[in-house]
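Sharing a sequence plus its predicted fold:
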Amino acid sequence: MTTLHLRELARRALHERRPDPGGDVEIERVVIDVRLGERVELVTLSVRGDRLVVLATDGTASTSPAAHAALSWLAADLPRTSLVPEARERSTRSGDMTVVAPLDVAIADLATAIVRTGTNAGEAPAILDALARIGAASSSLEVARWVGRLRNALAARDEIAVARLLDGAGTLEAKDEPERVVDHLWVELGRELLDGLTPFAIERRHLLDPSSGEVLAEERLRDQAASNGPCPRVVNAGLATRSAHGRVRIVQYAVAELDVDMRARIDALASPSLADAFDRAEKRGLRSAAVEPVSLVRLGALAGGKVVDGAGEAIPLARHEDAPAVTALAAALASGAPEWLFGRWCLAGDTASIVPLSCSVSGRIVRLR
Amino acid sequence: MTSRDALIERLAAGAGTGDAQLRGTLEAHDDDRALAAALLRQIATEPVRLAPADPEPARPSGGPPTADASFLSRLGAGGREIGNVDDVDTLFGVLEGGSLAQRRAAALRIEQRIESGELAPEDLERVEAALTAPRDPDVAWEVLRARGALPGAAGRDVRTERDAFDVLVARLRDQVRAFWEEDRPHEPLSDLGAEDLSTLALHMRELPDAVVAHVAAVLEGSDGVSDLAARTRLASMLRSAADPRLVPALASLATDRSAELARDALRALGRIDDPRVRSVLVRALERSADPTLRALAAGALGLGGDARGLGLLREMIDNGDRQGQRAAVEGIVEIATMEDVERLTRLLAKPDLGLVTHAVRALGRIGDGRAVAPLRERANRSTPPALAEEIEVALRSITAQMELRGEGAPPADAPMPKASIVRPTDRVGVWTRLLASLDVMLGRLWAFLGSPDRALGRFESAAARRPAWALPHAAIAFTQVRRGRPAPALAAFRRALSSDRTYIETQSRVVRMLARTFLRRAEEMERSGRRDVALGLLEEVVALDLRRVEEPVRFEIARRAERLRAEVAT
């Protein structure tokens, strides 16, 4: 029934469209979701020369029931009954064949689809479909951010980053109960919009613990509530919860400005060198799919236009992710005495660099993102 | 064993199904999911290393290369080379006819020249006249700085206003701290009147970091109090603020679901000289589904010398709907070329005042002498003073550019009309005049002694004796304003205007109070949802010669009227 429904909807949509603009059009590949009981299998049918190449997630082309169903449907040879029992249709969304799959299954489907089609193919329909199923399977911001990172890696054709994110996806959505935190002080030193299921969907606030130097993240969707306050600010949390991977939810809190003492504490917490900050970031989970570590690095005076750490080593800055912020950082540092850089680590291939979030110059904190 | 690089290549190209070689390399995985997982695991286990630090690339200056070898073009779009120009007349020309960055740089260079003490007295007089001429709000802060450096009364006025601004900032600083730290229920910016907010926006670059961070928090919706209307109001006031500290907040608004917020954010971003702005605007131009947003993004890029959206804007002007056309004309102001003169001249006959105003600005920025005659013709029709002022600014810009290009000034065969009204005859006897003057004197005395009711009685008496004398009406209005009664003050101002408009327009103190009162009343009306009434009030005051009104107030009136016109029209 669902299959027939899709055809009917397609006919209707075609009827409502403007006339064909003309030109030579050839359909070279279709990707079809086939539901077989509880499972949803992907079948890709593509034309290579005079040959039809059939790929299915449930076995080889000759033995796959999903491939058989897809071929029957494409050849308009399907019996007028669906392979899917009536009772199962309730879990499908109206208008298409997308189903809400469990997260693990959806991620595994995505990994399979990406390995099959390759990163050079960009966001192939099978990949888009699997991403949509992941979005439907989880409302977690952690998962949404992971999707955003994966899409960016695919767009950049960064195979290593894609592999790392897919390989580490099993750590997403930790099952541990959030830890309750009472009477704790944090300093927000950075705030940025990040890609999630859609571009710029997530606002992340980076909160530095002035007692330990650890940096946590408070996140929200653009239309969701979170703690209020400007950036930078001191957050005196009466009650908060902290989940795995350093996410925090602030429930009761008071906001204050950064005073001289707090600034001195922040200065003292800065890693003396980039190597030290890198080591800490690695321990924190630099390669993790769920964590994007943030570091506070002491800066030295600009050396020939280069941003250097306290030991005089040049700091690799993530121009590939936010070149304008890197330029703004250089301009800010040139305006006074550089003190520290607060930045998020990111990986391109197997190399790490820092996306600048904020910096301190001559006692002033400059927000960069 | 296949090397890791080969595996990465397989991932890039796509492994497909039944790839026996890959299965052999990654052990025997019959299941495709297991094969995929094994491949990804193999690739992902590489250790991470630090990227090499790239040298800072040279920042492009002066915009794209151009074949135009004129003086303005050689100055560069960024106007950085203007620091070498000493000639005051050249600086005036750039201030009138340059790009936004050039105009700003010219004003700051004039400030330097004044402070250096090298200008002759006659040059200082010319500088003073040039700096007090009406011009666009985008260079108002720089011009104000230059005026503040002037010796004598001109500079003193600015410095006096500066003292009031310092008081305002100190008060706001305390209120912001109290709002966050003492959990006050009222967001301090929402308590400010339009005039104070406009002043803050004009001087945004001088505000303390804590106040700017608070403004950013309100814009981002992180203050917990401000609704969408309050955020939109604030964003619209920051159009000419030009403060790079607001870039992160404005950039986040540029992708906001509210198109209104996004529009104002794009307008404000285009006027900020900061490397982070361009990528935000390019993204909005290329990815936004809303044609109005794309037009504004194209215009905002144009303010920075990037004309990539010119084709889109021309298309929208020629074929767009009313709203799209309006946005496109607003957008094309800084990037229109001589090719656009006819296209824009045609718009001068349109009834939409907002559209015509932007077309006038664009023609001024192009600097083509062919636009002089149509502009003068438009000015000779029944033209509201605000538009007449825009035309005056545009004509000055054209003249300046033609002179800088060595083409000489356009012929002055069509003189500019005066916007003022002929003064009505005041035919009363000498005795009546004396009695009326006595009433006014006594009224002022009562007002000084703190008895407004008695003062009002005397002023009313004077007005009754000499209805065509504007002064007692203005005095009544002043007294009512001081008593906190703007409604009767408006009526008195209107009587004063109908008695002697020229007098009111030429008395700085009176016209300033009038403008402020109308603006505040319009703000109240708008807040209570009566936008038509608010627009009517602003249209009334826009119809006056406001050259003597403080710039923040004048700009705010024009900006608010423009916004309301657009809102009411839709």
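Received, thanks.

Identify the residues contacting A:Ile354.
The contact partners of A:Ile354, by Cβ atoms under 8 Å, 6 or more residues apart in numbering or on different chains, come to A:295, A:297, A:315-318, A:341, A:343-346. C-beta: built from backbone N, CA, C; applies to glycine.

quick one: which of those has the most company?
A:Gly343 (30 neighbours; other Cβ atoms under 10 Å in any protein chain shown).

so how far is B:Ala170 from B:Leu535?
34 Å (Cβ to Cβ, to the nearest Å).

out of the two, which sits in the busier spot?
Taking other Cβ under 10 Å, B:Leu535 and B:Ala170 do not tie; B:Leu535 has more neighbours (22 against 11).

lowest average confidence, helix or strand, in the chain?
Defaulting to chain A. The helix or strand of chain A with the poorest confidence is helix A:2-16; it has a mean of 69 (mean pLDDT, DSSP states H and E).

looking at chain B here, not the other one
Across the helices and strands of chain B, mean pLDDT, DSSP H and E gives its lowest value to helix B:71-75, namely a mean of 67.

Restricted to strands, list the contacts of A:Ile354.
Among the contacts of A:Ile354, DSSP state E puts A:295, A:297, A:341, A:343-346 in strands.

For the closest residue to B:Pro384 other than its chain neighbours, give me its contacts.
Sequence neighbours aside, B:Ala543 is the residue nearest to B:Pro384 in space, at 5.1 Å (criterion: Cβ to Cβ, 6 or more residues apart in numbering or on different chains). Shown in contact with B:Ala543 (Cβ under 8 Å, 6+ apart): B:384-386.

Top of these by number of neighbours, please.
Comparing the contacts of B:Ala543 by number of neighbours (other Cβ under 10 Å), B:Ala386 comes first, having 25 neighbours.

That one: which element?
B:Ala386 belongs to helix B:385-404 when assigned by DSSP states H and E.

who's in contact with the following helix or strand past that helix?
On the C-terminal side of helix B:385-404, the nearest following helix or strand under DSSP H and E is helix B:430-448. With contacts defined as Cβ under 8 Å, 6+ apart, helix B:430-448 is touched by B:428, B:452, B:454-459, B:461-462, B:465-466, B:469, B:471-472, B:475, B:479, B:482.

filter those residues down to the ones near chain A?
When contact is defined as Cβ under 8 Å from any Cβ of the partner chain, the contacts of helix B:430-448 do not meet chain A at all.

These, buried ones only, as a PyMOL selection?
Applying 16 or more other Cβ atoms under 10 Å in any protein chain shown to the contacts of helix B:430-448, the buried members can be selected in PyMOL as follows:
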select buried, chain B and resi 452+455+456+458+459+461+462+465+466+469+471+472+475+479
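
Can you flag which of the contacts of helix B:430-448 belong to helices?
The members of the contacts of helix B:430-448 that map onto helices under DSSP state H are B:452, B:454-459, B:461-462, B:465, B:471-472, B:475, B:479, B:482.

Strand partners (parallel or antiparallel) of the strand of greatest length in chain A?
Looking across chain A with DSSP E, the single longest strand is strand A:179-194. According to DSSP bridges, strand A:179-194 has the following sheet partners: strand A:202-208 (antiparallel), strand A:233-243 (antiparallel).

Need these in a markdown table (columns: mean pLDDT and mean neighbour count).
Formatted as a markdown table, the strands paired with strand A:179-194 follow (pLDDT from 0 to 100; neighbours: other Cβ atoms under 10 Å in any protein chain shown):
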| stretch | mean pLDDT | mean neighbour count |
| --- | --- | --- |
| strand A:202-208 | 96 | 24 |
| strand A:233-243 | 92 | 19 |
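
ok now do B:Glu260, which residues does it touch?
Residues near B:Glu260 by Cβ under 8 Å, 6+ apart: B:228, B:232.

same thing but at 10 Å, please
By Cβ atoms under 10 Å, 6 or more residues apart in numbering or on different chains, the contact list for B:Glu260 reads B:228-229, B:231-232, B:235-236, B:253, B:563, B:567.

Chain neighbours aside, what residue packs nearest to B:Ala194?
Among residues not flanking B:Ala194 along the chain, B:Glu523 sits closest, at 4.7 Å (Cβ to Cβ, 6+ apart).

What sits closest to residue 284 if chain neighbours are left out?
The chain I'm using is chain A. A:Pro293 (4.1 Å).

wrong one, I was asking about chain B
Take B:Ala284 and drop its neighbours on the chain: the residue closest to it by Cβ to Cβ, 6+ apart is B:Ala297, 3.8 Å away.

now swap in B:Ile43 and tell me
That would be A:Ala163: by Cβ to Cβ, 6+ apart, it lies 3.7 Å from B:Ile43.

Do I have it right that that neighbour meets A:Ala153?
Yes. Counting by Cβ atoms under 10 Å, A:Ala163 touches A:Ala153, with 9.0 Å between them.

Between the two, which is the more surrounded one?
Set A:Ala163 next to A:Ala153 and count neighbours by other Cβ under 10 Å: A:Ala163 wins out with 26 against 22.

buried set for stretch B:491-505?
Buried positions in stretch B:491-505, judged by neighbour count with 16+ other Cβ under 10 Å: B:492-493, B:495-497, B:499-501, B:503-505.

how long is that stretch end to end?
Using Cα to Cα, to the nearest Å, one end of stretch B:491-505 lies 16 Å from the other.

go on, stretch B:138-152?
End-to-end distance of stretch B:138-152 (Cα to Cα): 26 Å.

Enumerate every residue touching the closest residue to chain A within the stretch 351-500 of chain B.
Among all residues of the stretch 351-500 of chain B, B:Arg365 sits closest to chain A, at 26.3 Å; criterion: Cβ to the nearest Cβ. Contacts for B:Arg365 (Cβ under 10 Å, 6+ apart) come out as B:97-100, B:136, B:302, B:332-337, B:394, B:397-398, B:401.

cutoff 7 Å now
For B:Arg365, the contact set (Cβ atoms under 7 Å, 6 or more residues apart in numbering or on different chains) comprises B:333-334, B:336, B:397.

Determine the three-state secondary structure at it.
helix (DSSP: H, G, I helix; E, B strand; the rest coil).

Give the other helices and strands that the helix holding B:Ala386 contacts.
Counting contacts by 3 or more Cβ pairs under 7 Å, 6 or more residues apart in numbering or on different chains; DSSP states H and E, helix B:385-404 packs against helix B:71-75, helix B:88-97, helix B:353-366, helix B:372-380.

if we can go back for a sec, just give me the least confident of the contacts of B:Glu260.
For these, the weakest pLDDT value sits at B:Glu567, with 78.

Which residue comes closest to that one once chain neighbours are left out?
B:Arg531 (6.1 Å).

ok, now which ones touch A:Gly336?
Counting by Cβ under 7 Å, 6+ apart, A:Gly336 touches A:361-362.

no no, B:Asp174
Contacts of B:Asp174 (Cβ under 7 Å, 6+ apart): none.
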